[in-house]
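Visitor: please work out how this folds:
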Amino acid sequence: MRLLLLLLWPTALCPGGGGEAEPADLQGPTSYRVIQISSFANSSWAQNQGSGWLGDMQIHGWDADAGRAVFLKPWSKGNFSDEEMVELEEIIQVYLSGFILEVQDHAPEFQMQYPFEIQGVAGCQLHPDGGTVSFLRGALGGLDFLSLKNHSCVPAPEGGSRAQRICELILQYEGIRDIAEKLLFETCPRFLLGLLDAGKADLRRPVRPEVWLSAGPSPRPGRLQLVCHVSGFYPKPVWVTWMRGQQEQQGTRQGDVLPHADGTWYLQATLDVAAGEAAGLSCRVKHSSLGGQDMVLHWGNSISIGLISLAIILPVLIFLIGLPFWLWRRWSYQSIS
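Guide: Here you go, the predicted structure:
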């Protein structure tokens, strides 16, 4: 029966308790989700990984050795007390150790071929009208396995007969299902609101991006790769493109928006052009932190990295070259004296 906790552990990380917070400004994150990844190398070795995410920001980790949650932000407990967190950590620790044993025991029954990996994600999202919607999905080896829809377990087509059998098994345990639904549909929304309230100073603090231009590796002879770097911005939504006058350049290619350790984001946009056509191009950036004023950098008008390096290195070279000459003159003067 503990095998059913594959679906329950992600929701157990959505703690409740304390008073409910007022709905927060929806300019920032609006969802909380937890992720479980369980890797099984063979019948005697396995490991669990866990994390909690507010929007795209990781705010919880799991220290498997210590059996404790890792709070990555000062407000990661939301409105949950220390005592409640300790109790929850103990529940999770007991579950994780039992989960591995149960999966290994049932692996032959469900025809699980080593090595394999089980993933679970569950959480809730706040809607603009103040309502919330909860979600739960399970995957096996990266393929959808089952999900929760309208309070019912729904096997995914990719899950085959194994997913169908597990959903049928879940239906037999009404008590466990009721606990899971309470955690998912009642406790998680309260915790989400608590997080948004406790972390509002950080979550509503816009950070202006830093923008600079550089030349990337030449795609081919006679061509230039122009790179617009946009770094250190928060929140995540940003608009970046290369322009010629007021005309967007359709060849602009955006990379992935990547996280910095401090919770801000980085993005680069590239454009492949003929070497003689770079003049007149500019990179335009729109972001909520800019107060409606776009940032525009023109190619050729910004100080290049090479010039910056030269400005730093040249004085150092002059000093190193002049130092021996100065010492020689000083030594000669002292000798004459």
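Visitor: when you work out contacts or count neighbours from here on, use the C-alpha atoms and nothing else.
Guide: Fine.
Visitor: doesn't L196 make contact with K77?
Guide: No - in this structure K77 lies outside contact range of L196 using CA atoms under 8 Å: 10.8 Å.
Visitor: what about the two, which has more around it?
Guide: A direct count of neighbours by other CA atoms under 10 Å for K77 and L196 places L196 higher, at 29 against 22.
Visitor: look up how far N79 lies from the more buried one.
Guide: The gap separating L196 from N79 is 10 Å, by CA to CA, to the nearest Å.
Visitor: try W299
Guide: In terms of CA to CA, W299 sits 49 Å off from N79.
Visitor: likewise for C188?
Guide: 12 Å.
Visitor: neighbour count winner among the two?
Guide: The residue with more neighbours, out of C188 and N79, is C188; 29 against 23, by other CA under 10 Å.
Visitor: tell me how the protein divides into domains.
Guide: Per the TED database, the structural domains of the chain span 31-204, 210-298.
Visitor: and the ones you listed as JSON lines, adding mean pLDDT?
Guide: Listed next are these as JSON lines, based on pLDDT from 0 to 100:
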{"stretch": "domain 31-204", "mean pLDDT": "89"}
{"stretch": "domain 210-298", "mean pLDDT": "94"}
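Visitor: check which helix or strand D197 maps to.
Guide: When elements are assigned from DSSP states H and E, D197 belongs to helix 188-198.
Visitor: is I37 in contact with F116, as I believe?
Guide: No - counting by CA under 8 Å, I37 does not reach F116; the two are 10.7 Å apart.
Visitor: kindly tell me how buried S39 is, as a neighbour count.
Guide: S39, neighbours per other CA under 10 Å, totals 19.
Visitor: three-state assignment of the nearest residue to it once chain neighbours are set aside?
Guide: Closest residue to S39 apart from its sequence neighbours, by CA to CA, 6 or more residues apart in numbering: E117 at 4.5 Å. Three-state assignment for E117 (DSSP: H, G, I helix; E, B strand; the rest coil): strand.
Visitor: got a list of what E117 touches?
Guide: Residues near E117 by CA atoms under 8 Å, 6 or more residues apart in numbering: 37-40, 140-142.
Visitor: looking at these, which one is closest to D262?
Guide: Using CA to CA, the shortest approach to D262 within these belongs to I37, at 24.3 Å.
Visitor: bridge partners for that closest one, pull those for me.
Guide: Applying DSSP bridges to I37 gives these bridge partners: Q49, Q119.
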